[in-house]
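Q: sequence and predicted structure below; questions after.
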Amino acid sequence: MKPKQGLQRRTPAAGWRMLPVLALVLAMPVAAADGDAADQAFYRRAASCAAVMKPEVVRLADRWRAGERGVRGDIQRLTELSFTFVGVAYKRGLRGEAADRLLAEAERAQAAQPAAALRQLSAECQAEARQLLDRSNVIERMLVRNRAKARVEHLLDDTPAAPAGTQRAGA
């Protein structure tokens with residue numbers, strides 16, 4: 001039987017190209033923007049954990065820029081752990097301005113805390129993030145690692161920004 005004229009026959013490979021997109025869509029549950037009380041508590045915790053790890057990453061990046069190349073793995077690890085909280089909060093429904101507001105609130109609250117309390121919070125958050133990452137599926141872990149890698153590459157990029165209308169070398 002011949003295919004009707006005007007209809008193109010799809011190759012099996014064409015369907016496979018959409019598989020990653022389909023998997024991402026299926027992995028994301030539909031969540032209400034406000035979320036329930038448990039979601040709100042998690043959003044605050046995620047913001048607090050992201051906020052406490054952020055200055056640690058910045059300090060490590062400063063050491064890397066000063067020539068201490070051995071800290072890159074620590075930068076990657078902390079960034080992945082922080083992004084784990086970001087990803088789970090996003091999956092549960094936290095978006096844009098609400099996320100920015102919670103992060104700013106957490107940073108302000110932590111500015112007044114003693115260093116020992118922040119070290120303890122960071123240790124707790126890192127352990128919690130490892131558990132969240134362990135419970136995530138392979139696609140979620142891939143997304144976290146991919147986004148964290150891109151963030152670290154951007155953070156450690158020593159190439160000065162090119163003037164408007166020009167390209168950086170290699171771009």
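A: That came in fine, so what should we check first?
Q: the residue lying closest to residue 155 once chain neighbours are set aside: neighbouring residues, count only.
A: The shortest distance from residue 155 to any non-neighbouring residue, by Cβ to Cβ, 6 or more residues apart in numbering, is to residue 61 (5.3 Å). In short, each C-beta sits where N, CA and C put it, glycine included. Per other Cβ atoms under 10 Å, the neighbour tally for residue 61 reads 17.
Q: residue 61 against residue 157, yeah?
A: No: if you go by Cβ atoms under 8 Å, residue 61 and residue 157 don't touch, sitting 10.5 Å apart.
Q: circling back: do you know how far the residue nearest to residue 155 is from residue 126?
A: 17 Å (Cβ to Cβ, to the nearest Å).
Q: same thing with residue 64?
A: Residue 64 is 19 Å from residue 126, by Cβ to Cβ.
Q: go on, residue 80?
A: With distances taken as Cβ to Cβ, residue 80 is found 10 Å from residue 126.
Q: more neighbours, the two?
A: residue 80 (22 against 19).
Q: the more buried one against residue 142, yeah?
A: No: with contact defined as Cβ under 8 Å, residue 80 does not count as touching residue 142 (11.3 Å).
Q: just the pLDDT for residue 24.
A: Turning to residue 24, the model gives it a pLDDT of 47.
Q: quick check: mean pLDDT of the longest helix anywhere in the chain?
A: Determined from DSSP state H, the single longest helix within the chain is helix 37-65. Throughout helix 37-65, pLDDT has a mean value of 97.
Q: then stretch 111-121?
A: Stretch 111-121 comes out at a mean pLDDT of 97.
Q: okay, buried residues for that stretch please.
A: 118, 121 (16 or more other Cβ atoms under 10 Å).
Q: helices and strands around the helix or strand encompassing residue 100, which ones?
A: Residue 100 is part of helix 96-111 when elements are defined by DSSP states H and E. The helices and strands touching helix 96-111, judged by 3 or more Cβ pairs under 8 Å, 6 or more residues apart in numbering; DSSP states H and E, are helix 37-65, helix 72-91.
Q: ok, and for that helix, which residues are buried?
A: Result for helix 96-111 [16+ other Cβ under 10 Å]: buried residues 98, 99, 102, 103, 106, 107, 110.
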